[in-house]
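*Asks:* Sequence and predicted structure are below.
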Amino acid sequence: QRAEDRQTAADQVAAALEWLRRADRQQRVEGAEQLGAYPTPEAGKALVKSLAHDPSAEVRTAAAASLAYFQQPDQN
């Protein structure tokens, strides 16, 4: 079951990363929020990028809130 859990997490992170690339602001917010549930190095890097560069304050706020679930988002 652990392998299944890892695959599910990987799938969720991949979907959320795709949402972060969308033009729709609400989808980017949802992507940022979803990544908070999966504190992987890849997710952390994407959230830091969104926090620094997304034009929407709402997306940046969601990214910052999700980063609160990470111990060291810019490591690895």
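*Replies:* Great, that's in hand.

*Asks:* When you work out contacts or count neighbours from here on, use the C-alpha atoms and nothing else.
*Replies:* Fine.

*Asks:* Which parts of this protein are helices?
*Replies:* Applying DSSP state H to the chain gives helices spanning 2-20, 25-35, 41-53, 57-67.

*Asks:* okay, the ones you listed, which one's buried deepest?
*Replies:* Stretch with highest mean neighbour count among these: helix 25-35 (a mean of 22; mean count of other CA atoms under 10 Å).

*Asks:* tell me the centre residue of this protein?
*Replies:* For the chain, the residue sitting closest to the mean C-alpha position, by CA atoms, centre = their mean, is residue 35 at 3.1 Å.

*Asks:* Next up, the contacts around that one.
*Replies:* 13, 16, 17, 43, 44, 47, 66 (CA atoms under 8 Å, 6 or more residues apart in numbering).

*Asks:* export the helices of the chain to a markdown table and tack on mean pLDDT?
*Replies:* Listed next are the helices of the chain as a markdown table, based on pLDDT from 0 to 100:
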| stretch | mean pLDDT |
| --- | --- |
| helix 2-20 | 93 |
| helix 25-35 | 97 |
| helix 41-53 | 95 |
| helix 57-67 | 97 |
